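*Asks:* just to be clear, the model below is a prediction. Sequence and coordinates:
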Amino acid sequence: HVQLVESGGGSVQAGGSLKLSCVASGYTYCMGWFRQATGKEREGVASLYAGGGALYYADSVKGRFSISEDIDNGTVYLQMNALKPEDTGMYYCAAGLTIYGGVCQGNTWGQGTQVTVS
């Protein structure tokens, strides 16, 4: 059973950068980052095949966010640059065994980390 521990959220001014980390224990086929703003539905931000590279970015983050992994340390990262106020929300790391529309379908979720852009 995969366990996920996230870190790296915080508050930043518009135009700034943050890097989120998610340490995963156990086997997974894919991993993804999702976010949920207050009053909105959760949306996929970026996904990758475990050991296979990035496969999905939401249109709203293309060119600004980058998902990557450190296989040796079982860690997935989300580098977020040129942050905008609309990027504010709770960010969740997820691990899954299936992909739909390029998005990793998470069946295990991290606890979430808050990102606030002002």
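*Replies:* Structure's in. What do you need?
*Asks:* show me the contacts for the nearest residue to residue 83 once chain neighbours are set aside.
*Replies:* Closest residue to residue 83 apart from its sequence neighbours, by Cβ to Cβ, 6 or more residues apart in numbering: residue 117 at 4.5 Å. Where C-beta positions appear, they are placed from N, C-alpha and C, glycine not excepted. Contact analysis of residue 117 by Cβ atoms under 8 Å, 6 or more residues apart in numbering lists 11-14, 16, 83-88.
*Asks:* neighbours around residue 16, how many?
*Replies:* 14 (other Cβ atoms under 10 Å).
*Asks:* oh, that last question was meant for residue 22, not what I typed.
*Replies:* 26.
*Asks:* that one against residue 31, yeah?
*Replies:* Yes: between residue 22 and residue 31 there is a contact under Cβ atoms under 8 Å: 7.1 Å.
*Asks:* and the residue nearest to residue 83, how far from residue 43?
*Replies:* 16 Å (Cβ to Cβ, to the nearest Å).
*Asks:* for residue 22 and residue 31, list the residues in contact with both.
*Replies:* 76, 93.
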